[in-house]
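Trainee: pasting the sequence and the predicted model now:
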Amino acid sequence: MRRTPVVASRILSDTTGHEVRLKCENLQRTGSFKPRGAYNRIARLSPEERAHGVVAASAGNHAQGVAWAATQLGTTSTVFMPTGVSLPKLVATKAYGADVHLTGRTVDEALMHAHEFAARTGAVLIHPFDHADIVAGQATLGTELLRQMPDVGTIVVPTGGGGLLAGVAAAVHLHKPNVRVVGVQAEGAAAWPVSLKAGYPVAAQSMSTMADGIAVGLPGSVPFDHVVDRVDEIVTVSEDALSRALLLCIERAKLIVEPAGAAAVAALMTRQDLRLDGPVCAILSGGNIDPLLLTHVITHGLRAAGRYLAVRVTISDRPGGLIGLLDVVKGVGASVVDVVHSRTGGQLGLEEVDVMLTVETRGPAHRQDVLDALGAAGFAVDISS
């Protein structure tokens, strides 16, 4: 395991009014915090258990963590992954030494096959978060952070099943019980708030988020008690906030982070109601992101930050019609990214054409300047994004 760095973030410090640092678990082996728990779990197996190998089900970070840890500890690993898993995650899991089986459309379906494999072969199932040894392994992140940032007052943690949050909270409670611990979930996959209100794990009613690393439908029963006793608050963040946070990590911290890994940053950027005590540490829990998804999320983040504007404008289909539109854009200093013509709209006149125009702006104020200029020039504008 690597001792991952803690780096300062001036922009988040300015935003929150607190000193903010980032704990870079995206630079951990396999690209996330997952090897901490997986290694501890496998290391504590008996020689007889290890002789039968281990098995896991995952679409990404847990798969790689288990594969790496098993290889380091001299045992075999079998990983069941959904058929739609991204190619980089599949290739990486195999490269770390796992025997990979693609089965089912979801992680839950893959997990069923993992259970069947364990029953048939005697392999030990390594759960991603719902086991005491997994939580204890993730706790090493908390103790490491306290040594690196002894004056920390608040730790903000991306949260899915609860293993990382529970581990960090347990370590902090043991060594510095006055430190505030805050969990962050995606709004579209937020099982923890309703579970805490009910007093027991409750499955989320829906799951829709780009942050697949924390898209867990049911909190773990083992982490649950630790979270109830030792976590101060759990908040949620929007998809726009997640994409903007990922963009900030790339542009300002020069760090590649997956959407789930940027959840703590998203909370610091957008949750004005978030209570922060003293110096703050945001955990970047992972950096494994498919390059194609990264491109999409960056574009989403630029739009959410007011730096992209996509509009549909109906113009004359005569010579000079498009030039007139582009002159308006040029006049307010916006940069054209893309222009697409459509002559098939049902409401178009014989000599009209729809133009889908995407421009790069300098922020929300400049974005509004572009819209105002188009309106003043007589163009009817439909904002598509």
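Mentor: Sure thing, it's come through.
Trainee: got the contact list for Asp369?
Mentor: 332, 361 (C-beta atoms under 8 Å, 6 or more residues apart in numbering). For glycine as for every other residue, the C-beta is placed from the backbone atoms N, C-alpha and C.
Trainee: isn't there a strand covering it?
Mentor: No - secondary structure of Asp369, determined by DSSP: H, G, I helix; E, B strand; the rest coil: helix, with no strand assignment.
Trainee: for the spatially most central residue of the chain, which non-adjacent residue is spatially closest?
Mentor: Of all residues in the chain, the one closest to the mean position by C-alpha atoms, centre = their mean is Ala260, 1.5 Å from it. Counting by C-beta to C-beta, 6 or more residues apart in numbering, Ala260 lies nearest to Gly213, which is 3.0 Å off, once chain neighbours are set aside.
Trainee: can you tell me how far that neighbour sits from Thr78?
Mentor: The gap separating Gly213 from Thr78 is 22 Å, by C-beta to C-beta, to the nearest Å.
Trainee: got it, and Gly331?
Mentor: For Gly331, the distance to Thr78 - C-beta to C-beta - is 62 Å.
Trainee: quick one on the thing from earlier: who touches the residue nearest to the centre of the chain in this structure?
Mentor: Neighbouring residues of Ala260 by C-beta under 8 Å, 6+ apart: 158, 160, 186, 211-215, 285-286.
Trainee: dihedrals phi and psi, it?
Mentor: Phi and psi for Ala260, reported as degrees, to the nearest 10, are phi -60, psi -40.
Trainee: and what of Phe379?
Mentor: When read as degrees, to the nearest 10, the backbone of Phe379 gives phi -90, psi 130.
Trainee: checking the residue nearest to Arg252 when sequence neighbours are not counted next. Helix, strand or coil?
Mentor: Distances taken as C-beta to C-beta, 6+ apart place Ile11 nearest to Arg252, at 5.1 Å, with adjacent residues excluded. Assigned with three-state DSSP, Ile11 falls in the helix class.
Trainee: what's the neighbour count on Ile11?
Mentor: 15 (other C-beta atoms under 10 Å).
Trainee: hang on, Thr78 in a strand?
Mentor: Yes - checked against three-state DSSP, Thr78 lies within a strand.
Trainee: contact partners for it?
Mentor: By C-beta under 8 Å, 6+ apart, the contact set of Thr78 is 53-56, 98-101, 114, 117, 123.
Trainee: if we go to 7 Å?
Mentor: If a contact means C-beta atoms under 7 Å, 6 or more residues apart in numbering, then Thr78 has 53, 55, 98-99, 101, 117, 123 as its contacts.
Trainee: and Ala92, by the same measure?
Mentor: Counted by C-beta under 7 Å, 6+ apart, Ala92 has contacts Gln64.
Trainee: at 8 Å what do you get?
Mentor: So Ala92 contacts 30-31, 64, 288 (C-beta under 8 Å, 6+ apart).
Trainee: could you save the residues you listed as TSV and add columns showing distance to Thr140, secondary structure and pLDDT?
Mentor: Listed next are those as TSV, based on distance: C-beta to C-beta, whole Å; DSSP: H, G, I helix; E, B strand; the rest coil; pLDDT from 0 to 100:
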residue	distance to Thr140	secondary structure	pLDDT
Thr30	15	helix	97
Gly31	17	helix	96
Gln64	18	helix	97
Asn288	20	coil	94
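Trainee: highest neighbour count among the residues you listed?
Mentor: Busiest of the contacts of Ala92 [other C-beta under 10 Å] is Gln64, holding 28 neighbours.
Trainee: with adjacent residues omitted, what lies nearest to it?
Mentor: Closest to Gln64 by C-beta to C-beta, 6+ apart is Thr30, at 4.1 Å.
Trainee: just checking, Leu348 touches Ile315?
Mentor: No - in this structure, Leu348 is not within contact of Ile315 by C-beta atoms under 8 Å, at 10.4 Å.
Trainee: between those two, which has more neighbouring residues?
Mentor: It is Ile315, of Leu348 and Ile315, that has more neighbours when counted by other C-beta under 10 Å, with 19 against 14.
Trainee: and the more buried one, what does it touch?
Mentor: Residues in contact with Ile315 (C-beta under 8 Å, 6+ apart) are 321-322, 324-325, 352-353, 355, 379.
Trainee: run the last query once more with 10 Å
Mentor: 321-325, 341, 352-355, 357, 379-380 (C-beta atoms under 10 Å, 6 or more residues apart in numbering).
Trainee: out of those residues, what pair is the most spread apart?
Mentor: The distance between the two most remote of the contacts of Ile315 (C-beta to C-beta) is 18.1 Å, for Ile323 and Ala380.
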